[in-house]
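Engineer: pasting the sequence and the predicted coordinates here, then a few questions.
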Amino acid sequence: MLQQIQSKVGQSCIARALEEAKKVMPTSVFVLDIETSGENKLPGDSPCYAGHGVMGIALCNMHGDAIYLVIDDARKFGGIPISDAIQFINTVWLKQAHALVLHHGKFDLGFLLRRGLKIPDSVRIMDTYIINSIRCEGVFVSNKLKELVRAKFGLNTATEEGKDKF
């Protein structure tokens with residue numbers, strides 16, 4: 001399965017409208033990650049502060065199909081309004097879900113739950129940040145997702161500069 005997923009690296013879709021987001025079919029286990037923005041180009045590190053918001057939501061199914069939803073939250077990027085994106089995730093992706101995989105989930109969920117995400121009690125949440133921390137007995141150079149992906153799979157990941165340029 002990992003080879004199937006790795007073969008699709010770089011083939012993800014970018015969606016600025018919900019119709020485009022429907023190109024990727026959900027699976028019962030899926031991965032979710034967000035990108036945030038803050039005021040004055042500072043990282044959006046607080047879901048409670050009005051100047052910080054979600055600028056993108058990445059969803060990946062267990063076939064390796066991925067979609068990046070461009071989000072209009074605290075800032076406008078010509079994307080999907082955050083309320084519409086949350087409703088889409090609640091009704092399409094979480095409807096049939098058994099497990100949700102996140103990295104440093106308390107950060108992402110802090111934003112998404114505050115904006116209306118409803119995770120059913122039957123959905124198991126798995127956090128790769130915690131799993132890696134336990135596996136490494138708390139001793140690691142970096143527990144950032146991009147660093148783990150680079151080290152484990154030898155994949156190049158987008159740089160912060162690329163995200164900032166977008």
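Structural biologist: Thanks, I have it.
Engineer: got a pLDDT number for the residue nearest the centre of the chain?
Structural biologist: When Cα atoms, centre = their mean is applied to the chain, the residue found nearest the centroid is Asp33 (1.2 Å). Model confidence at Asp33, expressed as pLDDT, equals 94.
Engineer: can you pull out the helices in the chain?
Structural biologist: Here the chain has its helices, by DSSP state H, at 2-6, 18-21, 82-88, 105-114, 128-135, 145-153, 160-165.
Engineer: lowest average pLDDT across those?
Structural biologist: Lowest mean pLDDT within those: helix 160-165, a mean of 56.
Engineer: can you list the buried residues in stretch 68-84?
Structural biologist: Using 16 or more other Cβ atoms under 10 Å as the test for burial, stretch 68-84 gives Tyr68, Leu69, Val70, Ile71, Asp72, Asp73, Ala74, Arg75, Gly79, Ile80, Ile82, Asp84. Every C-beta, even on glycine, is put in place using the N, C-alpha and C of the backbone.
Engineer: quick revisit: how close does the residue nearest to the centre of the chain sit to Asp121?
Structural biologist: Per Cβ to Cβ, to the nearest Å, Asp33 is found 23 Å from Asp121.
Engineer: then Thr91?
Structural biologist: Taking Cβ to Cβ, one finds Thr91 at 17 Å from Asp121.
Engineer: could you check how many residues crowd around Val54?
Structural biologist: 26 (other Cβ atoms under 10 Å).
Engineer: before we move on, back to that, next, give me the two most distant ones among the buried residues of stretch 68-84.
Structural biologist: Greatest spacing in the buried residues of stretch 68-84, by Cβ to Cβ: Tyr68 and Ala74 (17.9 Å).
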